[in-house]
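What shape does this take:
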Amino acid sequence: MTVKTVGYPPEQRDLARWLYGHAKDNEWNWGDVEAHSGISSTTVFRIWNGTYIHKHTGHPPDIAEECRRIETLRQEAIDRGGKDREVFVETTVFQRISKVCDEALLCNTIAMVYGESQIGKTASLKEYARRNNQG
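Have a look, this model is predicted:
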């Protein structure tokens, strides 16, 4: 899917790819994609497969309206925080782990995190990864 959306501008390409990932994460079928996004499932299929081509120019048509709808859906998903999202409370463990992760990223090295059991090390690392997704 990533190669097939390369003909779109970066913002539109990113939104199309986000919708694809969001649909996969939520196990949506074509009807669900259409119902949630407000975009025809045929159009979405063609965008994802690189077959949404203008018959006269041979290039992908402008999908600004579709992207506006995807952005609306994306914002709703962010506001809701996902289907299993819980509120994360920043603790001192999270602050320390964030500092270690920032330094490891900056120095391009690995870091070791250790400490007592059940104090939130793994949850903090997962939250750091969620907030600082490097792609």
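
Torsion angles phi and psi at the residue nearest to Ala111 when sequence neighbours are not counted?
Nearest residue to Ala111 in three dimensions, chain neighbours excluded: Ala104, at 3.9 Å (Cβ to Cβ, 6 or more residues apart in numbering). The way it works is simple: take the backbone N, C-alpha and C, and place the C-beta from them, glycine included. Dihedral angles phi and psi of Ala104 (degrees, to the nearest 10) take the values phi -60, psi -40.

Test my guess that Ala104 contacts Ile110.
Yes. The criterion here is Cβ atoms under 8 Å, and Ala104 meets it with Ile110 at 6.4 Å.

Those two: which has the busier surroundings?
Neighbour totals were compared for Ala104 and Ile110, and Ala104 leads with 14 against 6 (other Cβ atoms under 10 Å).

what's the distance between that one and Gly115?
Counting by Cβ to Cβ, to the nearest Å, the gap from Ala104 to Gly115 is 16 Å.

Which positions within the strand or helix carrying Phe94 qualify as buried?
Under DSSP states H and E, the secondary-structure element containing Phe94 is helix 92-107. Under the neighbour-count criterion of 16 or more other Cβ atoms under 10 Å, helix 92-107 has Val93, Phe94, Ile97, Ser98, Val100, Cys101 buried.

Great, nothing more from me.
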